[in-house]
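# Structure, please.
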Amino acid sequence: MKLVLSIVLLISMYSCKEAKKEGEVEKNRPPNVVLIFTDDQGYNDLGVFGADDIATPNLDQMASEGIKLTSYYAAQAVCSASRAGILTGCYPNRIGIHNALGPGNTHGINASETTMAEMLKAKGYKTAIYGKWHLGHHQKFLPTRHGFDEWFGIPYSNDMWPFHPQQGPIFNFPDLPLYENETIIDTLLEQSQLTTQLTERSVDFINRNKDNPFFLYVPHPQPHVPLFVSDKFRGKSNRGLYGDVIMEIDWSVGQIINALKTNGLEDNTIVIFTSDNGPWLSYGNHAGSAYPLREGKGTAWEGGQREPFIIKYPNQLEAGKVVDLPVMAIDMLPTIAEITNAELPLKTIDGKSVWKVLTGQSEESPQEAYFFYYRVNELFGVRYGQWKLYFPHRYRTMNGQEVGKDGLPGNYKMVDMEDIELYDVVNDISETKNVAEENPEVVAKIKLLANAMRSRLGDSLLELEGSETRLAGQLNE
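Below you'll find the predicted structure:
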């Protein structure tokens, strides 16, 4: 009898020890990362960022439980370049990704670059992307070749197809392909169910990987034109079809957060919501609003690159906090690396961790300045503290132009900025007063910073080549 009791006691002690060991593993498990990324969404398109005609209860709740960044900048004011920046921690021109890649392009992100997915996969994370990739559509450039275990979505923008519902044939492109990993499973003409499908895939991924650390990237193709929404949100907003689309994206965010809660993962998951660039203003009522910012997509003005940004990480970040310090998409990879204790890429990156800013340990941005490039290495502007300086360049505007309507675009007017302009974007967020003449010392300082960056990354406005730029991947390599 004593022998039996001893054996039972030993088994019990061993079981308790094993249970404790499992508990310790769970406690020390690195946080999951969810990055939700919209397309062409304006600064003013969420309730918590000032919209009073679109209901976004899930994102508003996320902001109340997390941190809202009010001076967050996309890496560039156009699709592919912006995505390259947030996924690699590099200025897009450093790694040779410019503009918006389409079906005719034969290049994409280089295999030698390290994406956030690859960085986290090296830490044992499961990784998935559900949505728009836009960093090269040939097989060697697909997300499954750049650290993602799973992909369901489209390779480039949802307007890069041959037939527009209002305009008819407009592009000499193939049908918009829908991918499952590396296989085209369908071609999309009607996309009203796509947001729902991406959401369902995201929830399923969370359910399947509740016992593993994971990185979930959800780059929604919406609200890029042409706009599509499911019947469950059609006609629900007070801002027409565009508002309906934003409401459905808000619903999607709620579904993802609820899946985290259901699986007991909410407290150990970093959730980020932001967008790739500002609104495509020429589309009028099918475009978002950047109010009170100036201009929109395709410009270096605040409306082109300052984006809504919310980050939630319970018990680690103060609920309801607002941070107005400048932060850029290039800072996301090193920030996630610090939080997860992941190794940074071997190659030079431009971003710096803003974890101390988010946690309140620092009241200064880790970056002295942020540089605003567009097109092919044209340095348009620099954000330095409270100041934003613009160098002479040509930009597009809808001011004085008739905007488009119901899916048809208006025509931009081109404007030549002939002299340096300086704005105090803290006290003049709408960039209405050029104060360059009153602040010559600020202009001189920013010029020095810009010259140092030009030597590294170049500036085609001045026909300067940088010493540190790297080539994009080429199809024929």
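
# where are the low-confidence patches of the stretch 1-150 of the chain?
1-27 (pLDDT under 70).

# again, only using 50
1-25 (pLDDT under 50).

# just the helices in it please.
2-27, 57-65, 79-88, 116-121 (DSSP state H, counting those that start in this stretch).

# Can you list the buried residues in the third one?
So the one you mean is helix 79-88. 79-88 (16 or more other Cβ atoms under 10 Å). (C-beta placed from N, C-alpha, C; glycine too.)

# Any chance of the residues you listed in JSON lines with distance to Leu293 as columns?
As requested, the buried residues of helix 79-88 are arranged in JSON lines below (distance: Cβ to Cβ, whole Å):
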{"residue": "Cys79", "distance to Leu293": "19"}
{"residue": "Ser80", "distance to Leu293": "22"}
{"residue": "Ala81", "distance to Leu293": "19"}
{"residue": "Ser82", "distance to Leu293": "16"}
{"residue": "Arg83", "distance to Leu293": "21"}
{"residue": "Ala84", "distance to Leu293": "23"}
{"residue": "Gly85", "distance to Leu293": "19"}
{"residue": "Ile86", "distance to Leu293": "20"}
{"residue": "Leu87", "distance to Leu293": "25"}
{"residue": "Thr88", "distance to Leu293": "26"}
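
# how about Asp416, secondary structure?
strand (DSSP: H, G, I helix; E, B strand; the rest coil).

# Tell me what it is bridged to.
Arg394 (DSSP bridges).

# what do you get for the one 5 residues further on?
Judged by DSSP bridges, the bridge partners of Glu421 are Tyr390.

# Can you get me the start-to-end distance on stretch 28-40?
One end of stretch 28-40 to the other measures 38 Å (Cα to Cα, to the nearest Å).

# what's near enough to touch Thr432?
By Cβ atoms under 8 Å, 6 or more residues apart in numbering, the residues touching Thr432 are 294, 423.

# can I assume it sits in a helix?
No - counting by three-state DSSP, Thr432 is not found in a helix; it is coil.

# Just the pLDDT at it, thanks.
Per-residue pLDDT puts Thr432 at 98.

# And for Asn399?
96.

# Then Leu379?
Leu379 is given a pLDDT of 98.

# Also Glu477?
For Glu477, the predicted pLDDT is 81.

# That one: how many residues sit nearby?
The local packing of Glu477 (other Cβ atoms under 10 Å) involves 9 other residues.

# What distance do you get for it to Gly410?
41 Å (Cβ to Cβ, to the nearest Å).

# Kindly report the same for Glu368.
Distance from Glu368 to Gly410, by Cβ to Cβ: 39 Å.

# And Leu87, by the same measure?
In terms of Cβ to Cβ, Leu87 sits 32 Å off from Gly410.

# mind listing what's buried in stretch 446-457?
Buried-residue list, stretch 446-457, by 16+ other Cβ under 10 Å: 446, 449-450, 453-454, 457.

# I'd like to check what contacts that stretch. Which residues are they?
Residues contacting stretch 446-457 (Cβ under 8 Å, 6+ apart): 91, 93-94, 368-369, 371, 373, 377, 379, 382, 384, 387, 389, 391, 422, 459, 462, 464, 466-469.

# Just the CA atoms of it, as CSV, please.
Taking C-alpha atoms only, stretch 446-457 is exported to CSV below (Å, rounded to 0.1, in the frame of the first residue of the first chain):
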residue,chain,number,x,y,z
ILE,A,446,17.0,71.2,-42.2
LYS,A,447,19.1,71.9,-45.3
LEU,A,448,22.1,70.3,-43.6
LEU,A,449,20.1,67.3,-42.6
ALA,A,450,18.7,67.0,-46.1
ASN,A,451,22.2,67.1,-47.7
ALA,A,452,23.4,64.4,-45.4
MET,A,453,20.5,62.2,-46.4
ARG,A,454,21.0,63.0,-50.1
SER,A,455,24.5,61.7,-49.9
ARG,A,456,23.1,58.4,-48.6
LEU,A,457,19.8,57.9,-50.5
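
# Asn411 belongs to a strand, doesn't it?
No - using three-state DSSP, the secondary structure at Asn411 is coil, not a strand.

# and it, what is it in contact with?
By Cβ under 8 Å, 6+ apart, the neighbours of Asn411 are 282, 401-402.

# circling back to that earlier point, which of Glu368 and Gly410 has more residues huddled nearby?
Applying other Cβ under 10 Å to Glu368 and Gly410 shows that Gly410 carries more neighbours, namely 16 against 13.

# how does this structure divide up, domain by domain?
The chain breaks down by automatic domain parsing into domains covering 30-368, 371-474.

# circling back: which one among the buried residues of helix 79-88 gets closest to Gly320?
Ile86 (24.6 Å; Cβ to Cβ).

# Report the contact partners of that closest one.
Ile86 neighbours (Cβ under 8 Å, 6+ apart): 35, 37, 74-75, 116, 274, 276, 329-330, 332-333.

# one more time with 7 Å
Contact partners of Ile86, counting by Cβ atoms under 7 Å, 6 or more residues apart in numbering, are 75, 329, 332.

# quick one: which of those residues is nearest Tyr125?
Distances from Tyr125 to those, taken by Cβ to Cβ, are shortest for Met332, at 15.4 Å.

# Could you report the distance from the closest residue to the closest one other than its chain neighbours to Val403?
Excluding its sequence neighbours, the residue lying closest to Met332 (Cβ to Cβ, 6 or more residues apart in numbering) is Ile86, at 5.4 Å. Ile86 is 29 Å from Val403, where distance means Cβ to Cβ.

# Ok, Tyr125 next?
Taking Cβ to Cβ, one finds Tyr125 at 43 Å from Val403.

# returning to that earlier point: and the contacts of stretch 446-457, which of them are buried?
Judged by 16+ other Cβ under 10 Å, buried ones among these: 91, 93-94, 369, 371, 373, 377, 379, 382, 384, 387, 389, 391, 422, 459, 466, 469.

# Look at Ser275 and say how many residues are nearby.
28.

# which residues touch it?
37-39, 41, 74, 307-308.

# same thing but at 6 Å, please
Counting by Cβ atoms under 6 Å, 6 or more residues apart in numbering, Ser275 makes contact with 38, 41, 307.

# Just the closest of these to Lys433, please.
The closest of the contacts of Ser275, once distances to Lys433 are taken by Cβ to Cβ, is Glu307, at 23.4 Å.

# Check the contact between the closest one and Gln76; I expect there is one.
No - using Cβ atoms under 6 Å, Glu307 is not in contact with Gln76, being 11.5 Å away.

# Now do the strands in the stretch 351-477 of the chain.
Here the stretch 351-477 of the chain has its strands, by DSSP state E, counting those that start in this stretch, at 370-374, 378-384, 387-390, 393-397, 413-417, 421-424, 473-474.

# Ok, the stretch 151-300 of the chain next?
Using DSSP E, counting those that start in this stretch, strands in the stretch 151-300 of the chain cover 163-164, 168-169, 176-180, 183-188, 214-219, 269-275.

# Would you mind giving the ones you listed as CSV with distance to Asp324 added?
Putting the strands of the stretch 151-300 of the chain into CSV (distance: least, Cβ to Cβ, whole Å) gives the following:
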stretch, distance to Asp324
strand 163-164, 40
strand 168-169, 46
strand 176-180, 39
strand 183-188, 40
strand 214-219, 26
strand 269-275, 16
